[in-house]
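Chemist: Test case, fold it:
(one chain, ligands or ions: 1)
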Amino acid sequence: MTWALSSLLNNREAPWKAQQELDAHVGKDRRSPRGSTPGPLPIPHEATEDCYVSGYFVPKGTWLILNLYKIHHGPRVWPDPYEFRSERFLTTHKDIDVRGQHFELIPFGSSRGMCPGISLALQVMGLSLGSLIHAFEIIGDEPVNMEEAIGLTNLKASPLEVLVTLRVPEHV
Ligand code: HEM
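Modeler: Predicted structure coming up:
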């Protein structure tokens, strides 16, 4: 959520396009549930038997740690990988989804071991972010410092501080 808000604040058009879309479809008189690599090195897995992965021999007992951060920033699949361009998912990458079937984008992992919280997470994030930018004008330092800190999850190095003002009637 923090990264999403930071990226929106660093981008002149995306948040306000999203806000306009919310205004057009929801209006300012009601709220809406609407959709929008937290774990860069997720839970390790262990090979339960000898196997080959893309021609590489993986002996039984090997620990496998996926580098999701790297997968999600590979320039062959994701041109200008560090650019925030959410419209990719409406255009060039519109057929790629996050539910573990497309290995270019697997923030929740894949197959039997994948995150069981995926549906909750997607709904809560979409709803929360949508509600925030629908209901509030959010003003932050520009540009927002996007430096990352080292951690189990992908944390921001400095806290995101913003000013918020209501943009819908108070009763909403
Ligand atoms: C944006 C939000 C989230 C992301 C990106 C995420 C991502 C992940 C990833 C990558 C894994 C490891 C999958 C693997 O081992 O291959 C995982 C595991 C897990 N997640 Fe999430 N998760 C999120 C939210 C949640 C929520 C909201 C819950 C619970 C309500 C949850 C519960 C779990 C549990 C219990 C596991 C361990 C599953 C197992 O090893 O059997 N996650 N998650």
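
Chemist: Tell me which residues of stretch 142-155 come out buried.
Modeler: Applying a neighbour-count criterion of 16 or more other Cβ atoms under 10 Å, one finds 144, 154 buried in stretch 142-155. Just so you know, the C-beta spots here come from the backbone N, C-alpha and C atoms, and that holds for glycine as well.

Chemist: Whether that stretch contacts the ligand - can you check?
Modeler: No - using Cβ under 6 Å from any ligand atom, stretch 142-155 stays clear of the ligand, coming no nearer than 8.5 Å.

Chemist: quick one: contacts of that stretch?
Modeler: Counting by Cβ atoms under 8 Å, 6 or more residues apart in numbering, stretch 142-155 makes contact with 3, 6-7, 9-10, 37-40, 69, 156-158, 160, all of which sit outside it.

Chemist: Distance from the chain centre to the longest helix along the chain, please.
Modeler: Looking across the chain with DSSP state H, the single longest helix is helix 118-135. Taking Cα atoms, centre = their mean, to the nearest Å, one finds helix 118-135 lying 11 Å from the centre of the chain it belongs to.
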